[in-house]
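In: Here is a sequence with its predicted model. Questions after.
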Amino acid sequence: MADPTKEVEKKPKKKGGIKKFFRRLLLGLVILLAGLFIFHQCKVRADLKFLQEKGYYNPVSAGEYSLNTYRFGKENGDHRIVVIAGMGSGFALDIRRITAGLQQENDLIFIARAGWDGSEDSRDERSVQQIVEDYRNVLKNAGIPAPYVLMAHSIGGAYGSYWVSKYPEEIEAFVNIDGTYVTPQEDTQEQSDGSAILLKAAVNFGIGDLFLHAFYPKEEAFSAEEQRVYDFMLTQSLASDGANKEGAVVARNLNEINSVLTVTEVPKLYISARDGYQTKEDILNGPGLDDWDLDHYAPDFQGTEVERRDAACANWLAQCQENRDKELFPYLEKMGNCTVEYIPGSHFIYETEPERTAEVIENFINEL
């Protein structure tokens, strides 16, 4: 029987227990990351095969790299419409809301720039000269002859403006959907993104896939197949050097484009959305006025709520008019032969007003 008066001897703690724990933790982390990396690489190959089967993946050489080039519609149709995306991924899926009608009689060609939507990546500077030459080389190597109807959105409109000014003989017409205004830029310093390296690593190790499925909202307008295509294009673009380098030199490219703009006889259509508001009804029947709008357009207004709303609308409309007078119209005048259509609303007007946008574009193209 043990003597309770005697102290129980304590066993000495094993030396190195904490180090062993952290070694095991580190090993587990390495195994997890290796597993995610291998899984991600397998998923990329499976997704590319899926995209190819669905018509969304066809790499064509632009020179030192290949760009993802895919076509919908009628191959030998009335017009060859080259779609130029803005600074975003999955544009071919987003804009399909307004291209369904165009596809009936026209050939739609989507070319993803370096680093975007399944195209090969590039670490070279993404100058507008290089970007437009990439488009032209791909079309040549794919055997798609000029003339083309350019249909562009956002910064893609600026690239299209360069193209139509430098090579007007290649362009049948130019549709510019709320394109970036080409105006002189004072600050041309490269805008580097410090998080780009971490983001690229996260995507390449499969962490981006986990984040996408856990937190990124699904598009209600997409089928399951389209959502899979879109998810791949989004994660692939986020991890690319080409996309980040293109975003870093936007101001420099705008100055280069501005320097070459010239009047041509090419018919042009500019759809004005974000500065397309011309009446109070445009605002009230569209986005309306929320608290942010009231604070922004009538911050210190003294009067009734109705009077404040009227003042906010007036200031909103005045701002749109100023933007058109000082930026939009001078930009379009440098290219000449341009019709402006106002569809007030979101910069992504092809999503918020697809039917009206499609009607305006189809009418313009049908009259060529």
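Out: Looks like it came in fine.
In: can you list the weak-confidence ranges in the stretch 101-250 of the chain?
Out: Applying pLDDT under 70 to the stretch 101-250 of the chain flags the ranges 192-196, 208, 212-215.
In: Helix, strand, or coil at residue 67?
Out: What DSSP: H, G, I helix; E, B strand; the rest coil gives for residue 67 is strand.
In: With residue 108 instead?
Out: Three-state assignment for residue 108 (three-state DSSP): strand.
In: How many residues are close by it?
Out: Per other C-beta atoms under 10 Å, the neighbour tally for residue 108 reads 24. To be clear about C-beta, it is placed using only N, CA and C from the backbone, and glycine gets the same treatment.
In: what pairs with it across the strands?
Out: residue 72, residue 81 (DSSP bridges).
In: residue contacts, it?
Out: Residues near residue 108 by C-beta atoms under 8 Å, 6 or more residues apart in numbering: 71-73, 81, 83, 99, 102.
In: ok, now with 6 Å
Out: The contact partners of residue 108, by C-beta atoms under 6 Å, 6 or more residues apart in numbering, come to 72-73, 81, 99.
In: How about residue 164?
Out: The contact partners of residue 164, by C-beta under 6 Å, 6+ apart, come to 171, 174, 266.
In: Out of these, flag the one nearest to residue 326.
Out: residue 174 (22.2 Å; C-beta to C-beta).
In: Whichever helix or strand that closest one is part of: what's the following helix or strand?
Out: Assigned by DSSP states H and E, residue 174 belongs to strand 171-177. As assigned by DSSP H and E, the chain's next helix or strand after strand 171-177 is helix 196-204.
In: quick one: that next one to chain centroid distance?
Out: The chain centroid and the centroid of helix 196-204 are separated by 18 Å under C-alpha atoms, centre = their mean, to the nearest Å.
In: May I have the secondary structure class of the closest residue to residue 277 other than its chain neighbours?
Out: Excluding its sequence neighbours, the residue lying closest to residue 277 (C-beta to C-beta, 6 or more residues apart in numbering) is residue 344, at 4.3 Å. With three-state DSSP as the basis, residue 344 sits in coil.
In: Surely residue 344 and residue 281 touch.
Out: No - using C-beta atoms under 6 Å, residue 344 is not in contact with residue 281, being 9.7 Å away.
In: who has more neighbours, those two?
Out: Between residue 344 and residue 281, counted using other C-beta under 10 Å, residue 344 has the larger neighbour count: 21 against 11.
In: Check that one and give its pLDDT.
Out: The model reports residue 344 with a pLDDT of 97.
In: Distance of the residue positioned nearest the centre of the chain relative to residue 176?
Out: Centroid check for the chain by C-alpha atoms, centre = their mean gives residue 88 as the closest residue, at 1.4 Å. Distance check for residue 88 against residue 176: by C-beta to C-beta, to the nearest Å, it reads 16 Å.
In: Also residue 356?
Out: 16 Å.
In: Tell me which of the two has more neighbours.
Out: Legend: neighbour count by other C-beta under 10 Å for residue 356 and residue 176, higher for residue 176 (28 against 16).
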